[in-house]
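Visitor: Need a 3D model of the following:
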Amino acid sequence: MNLALLEQRTWHRSAASIMGTTAELMFDGPASLTPQAFQRLRELERAWSRFLPDSELNRLHARPGEWVRVSHDLFVALRWCARLHDETDGRFDPSVRTALELWGYDRTFTEIDHGGPAPSYCDPSPGLRGLELRADDEAVRLAPGLRIDLGGIGKGLAADMLAADLLRMGANGAYVCMGGDIAVAGDTPYDGWDVPLHHPDTDQPFDWYRLGAGGLVMSTVRMRRWTRSDGTVAHHLIDPATGAPAQTDVVAVAVAALSAARAEALAKAVVVAGSEAGAQLLDSFGVDGWIITDEGVVRVGFAA
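Guide: Predicted coordinates for the structure are as follows:
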């Protein structure tokens, strides 16, 4: 793309509160796309939020053991979950919903329950063996007891979908950030977006990444934390093997991948795996990553 032409373009920027976070959009195209873009994000929220009682995901949960035809959006989200669960050997596991709620995260984070003690016992998450997908008519069957949370991957996938949708709607380039889950598509200013990576403890940049396409995600145990009445500190990243908040040496993980959905799943898998196994996991996927521990930052991929 001719640099002079890019510099003549107008990038529109706007933000709204959606999916329990700040959704930020920047795109080069008609300003009239802004309300359409936010409407699209609200459609996705209605499809897979666990906090909306009448969301499509919650309606699916109300019919365990039955084949249920779902929207294309929800089917795609569940197909991504199954694929990434397999690829990460179960470390990314959206079947942790029951565990999340047992620990008190059964409502939006601003309303979270601090009233009870930590659970005395937690069951491991069931995994996705009980998730069946039928592609012919985009139908889904959930085994009784299987309850899915699309929280993190839902934000990453929403960013991916909207970035692509904006191009189809007439934008030349798009940048979508869903509370830190970033997806980029089409033209960019100059040769990419310079994205700062902030340390969760200091909020200071420890590195920068030039994102020209795909996704960039950071996940951390330092945010979405709460304290139970007995003083136990919990966070939202559940280890599926224990059903409890993950306890490893990883403080935060940033991953750059071909999509924000994939980056989100890999980041969560690294938190669960720990820094050593997590670095091997990221290296096996051939992605760029940063693993933050109390000892420093381990870089994988381009900066290793």
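Visitor: mind listing the strands for the stretch 151-300 of the chain?
Guide: In the stretch 151-300 of the chain, the segments counted as strands under DSSP state E, counting those that start in this stretch are 173-178, 181-186, 193-198, 205-211, 214-220, 225-227, 233-235, 238-239, 244-245, 250-257, 288-293, 296-300.
Visitor: From the chain's centroid, how far away is the second one?
Guide: To tie it back to what came earlier, the one meant is strand 181-186. Here strand 181-186 is found 13 Å from its chain centre; the criterion is C-alpha atoms, centre = their mean, to the nearest Å.
Visitor: what's the answer for the third one, then?
Guide: Taking C-alpha atoms, centre = their mean, one finds the center of strand 193-198 at 18 Å from the center of the full chain.
Visitor: Residues contacting it, please?
Guide: Residues outside strand 193-198 that contact it (C-beta atoms under 8 Å, 6 or more residues apart in numbering): 175, 182, 184, 204-212, 216, 218, 254, 290. The way it works is simple: take the backbone N, C-alpha and C, and place the C-beta from them, glycine included.
Visitor: Quick check: buried residues in that strand?
Guide: Residues of strand 193-198 classed as buried: 193, 195, 197-198 (neighbour count, 16 or more other C-beta atoms under 10 Å).
Visitor: For Leu25, list the residues it contacts.
Guide: Residues in contact with Leu25 (C-beta under 8 Å, 6+ apart) are 12-15, 34, 37-38, 162, 166, 174-177.
Visitor: Dump the strands of the stretch 151-300 of the chain to CSV, plus distance to Lys155 and mean pLDDT.
Guide: Below are the strands of the stretch 151-300 of the chain laid out as CSV (distance: least, C-beta to C-beta, whole Å; pLDDT from 0 to 100):
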stretch, distance to Lys155, mean pLDDT
strand 173-178, 4, 97
strand 181-186, 5, 97
strand 193-198, 16, 95
strand 205-211, 16, 95
strand 214-220, 9, 95
strand 225-227, 18, 74
strand 233-235, 17, 77
strand 238-239, 17, 91
strand 244-245, 19, 89
strand 250-257, 14, 96
strand 288-293, 18, 96
strand 296-300, 22, 94
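Visitor: So for Ser120, which of those strands sits nearest?
Guide: For Ser120, the closest of the strands of the stretch 151-300 of the chain is strand 244-245, at 11.1 Å, according to C-beta to C-beta.
Visitor: ok, Thr34 touching Ser14?
Guide: Yes - under the criterion of C-beta atoms under 8 Å, Thr34 is in contact with Ser14, at a separation of 5.2 Å.
Visitor: longest helix anywhere in this protein?
Guide: Scanning the chain for the helix with the most residues, using DSSP state H, yields helix 151-168.
Visitor: Average pLDDT for that one, rounded please.
Guide: Helix 151-168 carries an average pLDDT of 95.
Visitor: The helix or strand that contains Ala23: what's the following helix or strand?
Guide: Ala23 is part of strand 21-28 when elements are defined by DSSP states H and E. Sequence-wise, the next helix or strand downstream of strand 21-28 (DSSP H and E) is helix 33-48.
Visitor: List the buried residues in that following helix.
Guide: Residues of helix 33-48 classed as buried: 33-34, 37-38, 40-41, 44-48 (neighbour count, 16+ other C-beta under 10 Å).
Visitor: Stretch 55-64 too?
Guide: Buried residues in stretch 55-64, counted by 16+ other C-beta under 10 Å: 55-57, 60-61.
Visitor: what are the ranges of the strands in the stretch 1-150 of the chain?
Guide: Taking DSSP E, counting those that start in this stretch, the strands of the stretch 1-150 of the chain run over residues 11-18, 21-28, 68-69, 131-134, 139-142.
Visitor: Many thanks, I have nothing further to ask.
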